[in-house]
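1. Prediction below, plus the sequence it came from.
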Amino acid sequence: MSAREDTAQQIDPLGALKLRPIPLGLAFFAGALALWRTLFLSDANVDHALTVLALVFLAGAIVIVAVGSSSMRAPLRRSHFIALVVLAIGAMVAEALASAGSDGLIRDDWGPTAVGLLLLSCAPYRPARDLVVATSVGSLVAAVVVAFEVPYFETPAPLLAYLAIGVTPLSALGVGAAAYSSSFVFQVRAWMARATTLNDEDASSLRPGIARSVQQDRVTGLNRDVVPFFSQLVESGEITADDSRRAGEVATVIRRRIVDDADRSWLEQAMLDVSPRGEVGTVLDRSQLAVHMTGDQRTAIRAIVSALAVDASTRTSSLSVVLHDDDPVVRALLRIESTSPDVAIRQRYAPYFAVLRILFADLHVDVNGSLLTLRFSYDQH
Amino acid sequence: MLLGLPTHLAPQSSARAIARACHAIATVLLVAATVLLITLQFARPALILWPALIALVPMLLLLVLVERVRSTLTTVAYLVVGGASVYVYAITVLSQIASVDSSDAFTVSLPKLALILVGGSGLSARRGPLWATVGLVLGEVATQVASFQTGSAHRVDVAALLCFLLIVATMGGSLVARERASRLQPNLHRAAREEQVSVMRFEIEQQASALVHDTVLSHLAALSLSEPGRLDPELRGAMERDLQVLIGQEWLEQADSRDSTFDEWETSPLGAAVIRAEDQGLDVTVTGDVAALTRLTAERAKALALAVTQCFANVLRHSGTTEAELVILGAGPDVSIMVIDNGVGFTESETPRDRLGVRNSVRARIERVGGTVQIWSSPGSGTSVMIGLPADAQPADAQQADTQQADRQQTDAEDAA
């Protein structure tokens, strides 16, 4: 599991999932633009093989956007983004080579606009820094391409003028993408900082109540087991052999209760808390591995366990979580029986999977017959 | 921990980010138009391109203003002034540059696109499409009038139209949230809240367990080993205290950090723990920088004393020796305390899980207040327990000096006034 990056997708996974149609629309629009200009505006002398290659490269880049933004495959990682940029720039170069020597009008080139639109479609998925680097590299390549094309353009004009026209679509859209990414991440971070402060203050106000509740729990047990015993001994000032034996027995009971409390993990407690129907799932965690999950990971697991427990189509008692020590990671398996069809389960829990995938990079979802199985791992150090 | 924005804030944040992106794209387009004009002016000095250049200046300035002050007034001002700028720019370019001979030329489109983009980056996502439409209409009217006046070809500007459609689709799309994803966000926030409460409850339960272990359990263990007959007066007194403390007070409330100051070693929580251990028959040698303890907060000093008390109890019960050394080290940002004995030693990993002394009363207690515990021990070679605690930034006496100085300065100021 890697650290979360400064992307809208990774700090607000649900927001990115909700807005997914927009980047997808931008990416498909880039494809449609390329296809339209190729079919209706390109010169008859173009190299058809290179034109097809350019379109194939572009299609590959669009597929990466579609896959990387999906709740089943998110997040769009840097390696995927590099592949996307290489394919998109490859498409731009191939398109330019296809029309080399016969390209009379710079405005008919779809390459820079398509690359720019693809970068814009990645705005929710990559940090501003990556987008700026990709825009710079893309603009440089576009500038070189334009420089080679200038002698063949119908209208004579200075090189710099053609560069301004040729590179602007890519650089403008790329800069826009970086601006979106940095602005959104900044706003979410600022909100989170404020909300965390307020949450902490609010939680602090709960502390005395929780302390009283814990104390009441303990005092109830001690009132029953210890207080009468101690009171009787203090009053009499004498101890008998029976008293000594009883002291040992009471100590054993209290010790066992303390050990049980200390050994119950947050995950077992969460399972107990979310079972309103009295059907409790099982946690198999012999090595106390649940404790190694981060706060965010625990939150996401609590949310899905809670949702599964109240889902009318699932059997809560069949919910099981198994944690297995595979140092340096913990391998986890979460399984539940459901009466819903495969597709319905995938659709209903897609937002949960999107969040889990950000926090557990290797999440694998398997819906087989009546069983929903999630496999994932996390660091234990 | 929080995972993402609440549903009601997401559209607003998204609209702001889209606005920022639009402003950035518009800026690049206007800069490109400026570069283009300057390049052509230098290449062909006979052309009169300066009116177009001047027309771009108010657009750029208002673009900065719209970015800084997002209001209806600045947006309307940008659209009105921008519309006029686009007209001046278009008429200049169409009349001066022979190769630019139609209203849909990319050179003409540059400021027009900037007008649509910034028009579409209004105050809210709902108004955005309206402003974008106004931007498109004003830009198109301006260029069509200019092309009519210059005799250029009238064509539909496909680039401007597509830009408009993308803006409207993007803003519209950001408003249409998918219901099933929206339902999860409150669940996530609820889960985050439960996690926070769970962590707090676990800490308090640990604290309670350590207290029960140090008092009731310890005394029950002593009772179970007592011979029949008269109850040891010291044990009897301890049991009376247990009854008073456990039932009569809020024994899980956090220590107030302001009640920590102490002047004498004997009155410090750790000093009192040493005296109690000596009363119980342990010979404790204290060495090192005792004054360093004043650098600990009350909460940490209290936790330290309770943990060291448990260490002393372990020495007395399990080590087979009645001598222990307490070393206090205060250099650097931490205060370190070592409890050393030359007893029989033990292997911590082989300690049964139901033995709670080291686990709850020492390690968990110290970690809860931000400290660390290291134990070096093996059968036959004694035991050393090292407790490290973060110190306050400055010692209590220095803090007191600072406070006195501040008080003096305030008094001086009041006198001067």
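-> Now that the structure is in, tell me what you want to look at. Nothing here was measured: the structure is a model prediction, and the numbers come from that model. Numbering: from 1, shown residues only, chains lettered A, B, ... in the order given.

2. OK, contacts around B:Ile54?
-> Residues counted as contacts of B:Ile54 (C-beta atoms under 8 Å, 6 or more residues apart in numbering or on different chains) are B:Val88. The way it works is simple: take the backbone N, C-alpha and C, and place the C-beta from them, glycine included.

3. Leaving out sequence neighbours, find the closest residue to A:Leu53.
-> Once its chain neighbours are removed from consideration, A:Leu53 has its nearest residue in A:Ala94; the separation is 4.8 Å (C-beta to C-beta, 6 or more residues apart in numbering or on different chains).

4. quick one: which helix or strand includes the one you found?
-> Taking DSSP states H and E as the criterion, the element that holds A:Ala94 is helix A:78-98.

5. The next helix-or-strand element following that helix vs helix A:78-98, what angle?
-> Per DSSP H and E, the first helix or strand lying C-terminal to helix A:78-98 is helix A:111-121. Using axes from the mean of the first three to the mean of the last three C-alpha atoms, to 10 degrees, one finds that helix A:111-121 and helix A:78-98 are set 160 degrees apart in direction.

6. Does anything pack onto helix A:111-121? Which helices or strands?
-> Using 3 or more C-beta pairs under 8 Å, 6 or more residues apart in numbering or on different chains; DSSP states H and E as the contact definition, the elements that helix A:111-121 packs against are helix A:21-40, helix A:48-68, helix A:78-98, helix A:128-149, helix A:159-225.

7. Deepest in the core, which of these is it.
-> Each of those was given a mean neighbour count from mean count of other C-beta atoms under 10 Å in any protein chain shown, and the largest, a mean of 21, is that of helix A:78-98.

8. For that one, give the mean pLDDT please.
-> Averaged over helix A:78-98, pLDDT sits at 94.

9. shaky segments in chain B?
-> Within chain B, the stretches with pLDDT under 70 are B:1-11, B:119-126, B:174-183, B:246-263, B:353-354, B:393-417.

10. And the helices in it?
-> Ranges of helices in chain B, per DSSP state H, are B:10-43, B:50-68, B:72-96, B:106-119, B:128-150, B:158-175, B:179-212, B:218-225, B:233-248, B:269-279, B:298-314, B:365-368, B:396-416.

11. Quick check: which of those is buried the most?
-> Among these, the stretch with the highest mean neighbour count (mean count of other C-beta under 10 Å) is helix B:106-119, at a mean of 28.

12. And that one, how far out from the chain middle?
-> What separates the centre of helix B:106-119 from the centre of its chain is 40 Å, taken as C-alpha atoms, centre = their mean, to the nearest Å.

13. Now do it against helix B:72-96, angle only.
-> With the same axes, to 10 degrees applied, the angle from helix B:106-119 to helix B:72-96 works out at 180 degrees.

14. just to revisit the earlier point, now do the contacts for the residue nearest to A:Leu53.
-> Counted by C-beta under 8 Å, 6+ apart, A:Ala94 has contacts A:Leu50, A:Thr51, A:Leu53, A:Ala54, A:Phe57.

15. And it, how close does it get to B:Ala238?
-> 86 Å (C-beta to C-beta, to the nearest Å).

16. cool, A:Ala303 as well?
-> Taking C-beta to C-beta, one finds A:Ala303 at 47 Å from B:Ala238.

17. try A:Ala350
-> Using C-beta to C-beta, we find A:Ala350 at a distance of 60 Å from B:Ala238.

18. Equivalent analysis for A:Arg207, please.
-> Between A:Arg207 and B:Ala238 the computed distance is 29 Å (C-beta to C-beta).

19. same thing with B:Ile48?
-> As for B:Ile48, its distance to B:Ala238 is 102 Å (criterion: C-beta to C-beta).

20. Kindly report the same for A:Tyr180.
-> With distances taken as C-beta to C-beta, A:Tyr180 is found 67 Å from B:Ala238.

21. I appreciate the help and will end here.
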